[in-house]
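Asks: Requesting a structural model of the entry that follows:
(2 chains)
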2 protein chains.
Amino acid sequence: MSLENQTADLSLKNGKAKPAKQPKQNKQQPKNKSKGAIEGAAQVGVTIDKELDFPGWYQQVLTKGEMLEYYDVSGCYIMRPASFFVWEKITEFFNKRITDMGVRNAYFPMFVSSRVLEREKDHVEGFAPEVAWVTRAGSSDLEEPIAIRPTSETVMYPYYAKWIRSHRDLPLRLNQWNSVVRWEFKHPQPFLRTREFLWQEGHTAHLTKEGAVEEVDQILDWYADVYTDLLAVPVIKGQKTSKEKFAGSLFSRSIEGFIPTTGRGIQAATSHCLGQNFSKMFNIVVEDPSAPEGTEKGKLHVWQNSWGLSTRTIGVMVMVHSDNNGLVIPPRVAEVQVVVIPLGLDKKATPETIEQVTAACQKAEADLRAAGLRVTVDARDQQPGWKYADAELRGICLRLEIGPKDLAKGTALSVRRDNRAKAPLALDSLAVEVPKVLDQMHNDMYARAKELFDSHIKTVLTVEEMGPLLNERNVLLAPFCGEEECEDVIKDATARQNTEDVDERAPSMGAKTLCVPKDQPELKEGTKCAGCDRPAVAWTLFGRSY
Amino acid sequence: MSLENQTADLSLKNGKAKPAKQPKQNKQQPKNKSKGAIEGAAQVGVTIDKELDFPGWYQQVLTKGEMLEYYDVSGCYIMRPASFFVWEKITEFFNKRITDMGVRNAYFPMFVSSRVLEREKDHVEGFAPEVAWVTRAGSSDLEEPIAIRPTSETVMYPYYAKWIRSHRDLPLRLNQWNSVVRWEFKHPQPFLRTREFLWQEGHTAHLTKEGAVEEVDQILDWYADVYTDLLAVPVIKGQKTSKEKFAGSLFSRSIEGFIPTTGRGIQAATSHCLGQNFSKMFNIVVEDPSAPEGTEKGKLHVWQNSWGLSTRTIGVMVMVHSDNNGLVIPPRVAEVQVVVIPLGLDKKATPETIEQVTAACQKAEADLRAAGLRVTVDARDQQPGWKYADAELRGICLRLEIGPKDLAKGTALSVRRDNRAKAPLALDSLAVEVPKVLDQMHNDMYARAKELFDSHIKTVLTVEEMGPLLNERNVLLAPFCGEEECEDVIKDATARQNTEDVDERAPSMGAKTLCVPKDQPELKEGTKCAGCDRPAVAWTLFGRSY
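Replies: Next up is the predicted model:
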């Protein structure tokens, strides 16, 4: 944080710089402004309204909040420290859980030969159009083009065949934290759809189907925990339909999030059971340990899983929580949780006042840091209002204002970023009180997002009801037969315009299935599919989605 | 570790599997065997002698010790968990130091447009022959080929120009942990020269040269600490000559290691002061804060550094410490520090004995784990001798043997991996004693390597002395004028055959400068350069090198 470098500047000279106008939160937005500009918003802050121009707003909160920078290769973005910090927190959280379970980290090369990439047919078909190919090194053409991994199943599994020599080598559980490349030609969007992105990919092999499935669900639970416990974002666990599952898997489970502003669902993470599909392709076998002694032991193909969580997490977090004043970052992943802002250091301030306020700010910082919090003092030569706006733009969770009047009362005025709630906190118990406020903030952020998600899940029984409810930015729970062609019918029927080439940005695309939720309402005997005459097999979540 | 999955198998059935012959350490090697095969070595262990066929031995300890797997794209290798764990420990150690200093982690794209890559001329010339180019995505040719970063100076600095708006934004200190690609056509070698490798690259900008230089040295100290404190490998700090410095830098400092078996030096990490070279290219400027109030403020180009440490660390560690029985991994980075091996569980063992030994092994494991050690019980259905050999192959630091006789004495027999020193340790104080043994092992490993390095640094005054001493696997400290053409002369004069295309594998290449050591012996007034008639400016370390 560049803020930290400025601490020493405190009390140098005050009141010289003109404060920038603080962007105001406008409850009533001009409705007919095509670009969604916020009235009266200062240029330094967010100037585009979240409700009126969501993509424009998203770009602004990310760049002005210094999370992200646009890059000169299309579809690639720079993760600045504020967003990379979030990713590090996610990494730490999830890595601890999987390594405690016995997963070991490794690193496989980013390059794949075309021969290996193309070994599993269904799988490669899913990725082939997006694979980036290296064909030249220096000024020499390579003999054979080499792909950059879009995912690592085919990179890793030839070696699983080599390393797994006996059932005693099972389960084999490896994970890597790396970047993958999918050269999509659709409109890119920071964190959500990028040509290179960071993720973890776990790849495991098990003796039995039961062992594999148990892990699929364990991982899914932890993915959900990342969203709820770290990012304060509600998600729904479920299983993908056969149309939407991972190419080459037996079944795919996922967690699905919701972006209230657009009413679109978003796949938040996936945990796939690959079955024996890849183990048959790559000949990953062990002798059957249950064969009776003395008999010839049959070969068993191992059961495999793969599971991944990406930097998409960060995009979902920003879209759900942030507002027209900038980023709102949940406390457990915020690089800066608390900013201390000295007040009353204007021209009229006496040297004693300056000294006392400065000392109190530094003590607050020291106390909070000792309590394990991430805190900074904003001692820059700017007016308090400018600092408030700057802290809001960056999504600092809590600001503590300390001026002569506060000192007289022995308190600091705390202001929460998420709901602007103000409360005086005793200066001598900051180390105890601030963590409580931050926990409350996390819980409140989650509760608000959960309520919004829940209130936008509408139950429908027929495809005719779907269109209008989708237009009102809902996702839909409908009885569904699970058939691929029926899913296509529903998608067509719910698209506002039935053009061949629907623009992903427009909220007019048809609805896809998001998942079959794990938590199923009762499905009455004889309930028909919402899309056809077949009987429904499960309540299924539909939505326009990212 | 697959070992851990086997714990439950203890006491299942004993003595069934035939123990593999344990490879013996042969002090006297057959001198005329062209392949360096170790006599009597079992096929499962290392079969090639370190002294006789170093590259063959290196490949075997890495693959049989399960650190590394060869990969089907030439020059790329799989880092298996045992080596990735070492990298994670290095990451943790160094990351803590730089983030405490105020460096922030970020992530920049792996792709660079050719326009940006080629902006700094000297710099790109150093890398151009090794750059991998993506020219195709799916089945479409890209409009412009896109490079994969060989390093990120030109990736990052255009954005530094944008982000640094005032001297208050300085120092700007970013770091990333990523992989880079240098498509070398020289013979690849695991960890030392690979086409993709993992590293960290720090890139910082400072207001003053002093600030930049101070950081260069701070980072170099921490790099040295990684080698000495974690890897038990001695290094020498120094500065690169102008011929060997990083392309585009003002000066480069490095730490240099030594591989005793080949007598070759190896660059272990580098910390570069880039001066204002890149800031002039990319126009990274701030207003001069020292300009008097009211005058027009001049522009200052910022001072920049870049510094990197790579997975080469792991290769150096293995080459220095490991032996003909397999890996020797220093305790602070070993994934498994202690293996507990139950003894006396053969056919004659009573159920009581089995139960007591098993319980004692489990208690030892629990005690050591509670003390923060990484420990496993090898309860596999194999003979102890086989387990000893397996633990040695993997470089597990300490084995604890526990059998009925040990139990009667209340001790476990500890055997160190590095020097095979045996000592009984009281079972009820393992949690206290084992950490001491591991610390001693670290210190002893460092001391041995340091003594070997020191005894192979020979002081010379003339180029004529160099050849024979190099052939005896020494590096050389010589008075040197610092001139590039003189360096070329010395290189030619010290090559055994003056062929145009020297094979890097052969120890016959000419000597290069490794560094001008920071720690300089007295250079007497009037001392002449070892290579020419000019006066020497500094004692300089020369060697055949990797």
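Asks: drop to CA atoms for contacts and neighbour counts, all remaining ones
Replies: Fine.
Asks: Quick one: low-confidence residue ranges for the stretch 1-150 of chain A.
Replies: A:1-35, A:39-43 (pLDDT under 70).
Asks: With the stretch 151-300 of chain A instead?
Replies: Ranges of the stretch 151-300 of chain A meeting pLDDT under 70: none found.
Asks: Those residues of it touching chain B, which are they?
Replies: A:Arg168, A:Asp169, A:Leu170, A:Leu172, A:Trp183, A:Glu196 (C-alpha under 8 Å from any C-alpha of the partner chain).
Asks: Kindly indicate the member of the residues you listed with the most neighbours.
Replies: Within these, most neighbours by other C-alpha atoms under 10 Å in any protein chain shown means A:Trp183, with 26 neighbours.
Asks: Over to that one: give its phi and psi.
Replies: With angles defined as degrees, to the nearest 10, A:Trp183 sits at phi -80, psi 70.
Asks: what's the nearest residue to it if we skip its chain neighbours?
Replies: A:Glu130 (4.5 Å; C-alpha to C-alpha, 6 or more residues apart in numbering or on different chains).
Asks: what about A:Glu293, how many neighbours?
Replies: 8.
Asks: Look up how far B:Pro468 lies from it.
Replies: As judged by C-alpha to C-alpha, to the nearest Å, A:Glu293 and B:Pro468 stand 64 Å apart.
Asks: A:Lys363 too?
Replies: Counting by C-alpha to C-alpha - A:Lys363 and B:Pro468 are separated by 65 Å.
Asks: distance between the lengthiest helix in chain A and the chain's centre?
Replies: The helix that spans the most residues within chain A, counting by DSSP state H, is helix A:430-455. Its chain's C-alpha centre and that of helix A:430-455 lie 18 Å apart, by C-alpha atoms, centre = their mean, to the nearest Å.
Asks: Could you do stretch A:268-279 as well?
Replies: Using C-alpha atoms, centre = their mean, the offset of stretch A:268-279 from its chain centre is 21 Å.
Asks: And for it, what's in contact with it?
Replies: Stretch A:268-279 is contacted by residues A:120, A:157, A:161, A:209, A:212-213, A:216-217, A:219-220, A:223, A:235, A:246, A:248-257, A:285, A:301-310, A:312-313, A:316 when judged by C-alpha atoms under 8 Å, 6 or more residues apart in numbering or on different chains.
Asks: Next: stretch A:215-226.
Replies: So stretch A:215-226 is in contact with A:90, A:93-94, A:97, A:235, A:237, A:253-255, A:269-273, A:305, A:307, A:309, going by C-alpha under 8 Å, 6+ apart.
Asks: Filter these down to just the ones in strands.
Replies: Within these, residues falling in strands by DSSP state E are A:Lys237, A:Arg253, A:Ser254, A:Ile255, A:Ala269, A:Thr270, A:Ser271, A:His272, A:Cys273, A:Asn305, A:Trp307, A:Leu309.
Asks: Report the central residue of chain A.
Replies: The C-alpha lying nearest the average C-alpha coordinate of chain A belongs to A:Thr313 (C-alpha atoms, centre = their mean; 0.9 Å).
Asks: export the ones in strands among the contacts of stretch A:215-226 to TSV and tack on neighbour count?
Replies: As requested, the ones in strands among the contacts of stretch A:215-226 are exported to TSV (neighbours: other C-alpha atoms under 10 Å in any protein chain shown):
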residue	neighbour count
A:Lys237	23
A:Arg253	26
A:Ser254	32
A:Ile255	26
A:Ala269	23
A:Thr270	26
A:Ser271	28
A:His272	31
A:Cys273	27
A:Asn305	27
A:Trp307	24
A:Leu309	22
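Asks: ok, which pair from these is furthest apart?
Replies: Largest separation among these by C-alpha to C-alpha: A:Lys237 and A:Asn305, giving 17.3 Å.
Asks: can you give me the strands in the stretch 151-300 of chain A?
Replies: Shown for the stretch 151-300 of chain A, the strands assigned by DSSP state E, counting those that start in this stretch span residues A:172-181, A:196-206, A:236-239, A:251-259, A:264-275, A:285-287, A:299-301.
Asks: Please work out which residues outside the second one touch it.
Replies: Surrounding strand A:196-206, the residues in contact under the criterion C-alpha under 8 Å, 6+ apart are A:75-76, A:151-153, A:170-183, A:191, A:212, A:302-311, B:109-110.
Asks: now that strand: how far from the chain's centre is it?
Replies: 16 Å.
Asks: strand partners of that strand, parallel vs antiparallel please.
Replies: strand A:172-181 (antiparallel), strand A:303-310 (antiparallel) (DSSP bridges).
Asks: again with the fourth one
Replies: Partner strands for strand A:251-259, per DSSP bridges, with pairing direction: strand A:236-239 (antiparallel), strand A:264-275 (antiparallel).
Asks: list the buried ones in the first one?
Replies: Within strand A:236-239, the residues that qualify as buried are A:Ile236, A:Lys237, A:Gly238, A:Gln239, counting by 16 or more other C-alpha atoms under 10 Å in any protein chain shown.
Asks: Enumerate every residue touching the second one.
Replies: To tie it back to what came earlier, the one meant is A:Lys237. A:Lys237 touches A:Leu220, A:Ala224, A:Arg253, A:Ser254, A:Ile255, A:Glu256, A:Cys515, A:Pro517, A:Lys518, A:Asp519, counting by C-alpha under 8 Å, 6+ apart.
Asks: And the helices in chain A?
Replies: For chain A, helices defined by DSSP H occupy the ranges A:54-64, A:81-101, A:114-117, A:121-127, A:153-163, A:209-225, A:277-282, A:312-321, A:351-370, A:384-394, A:404-409, A:430-455, A:466-471, A:484-494.
Asks: and the ones you listed as TSV, adding distance to A:Pro145?
Replies: TSV is the format used below for these (distance: least, C-alpha to C-alpha, whole Å):
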stretch	distance to A:Pro145
helix A:54-64	36
helix A:81-101	32
helix A:114-117	7
helix A:121-127	16
helix A:153-163	15
helix A:209-225	35
helix A:277-282	22
helix A:312-321	29
helix A:351-370	52
helix A:384-394	43
helix A:404-409	67
helix A:430-455	46
helix A:466-471	44
helix A:484-494	35
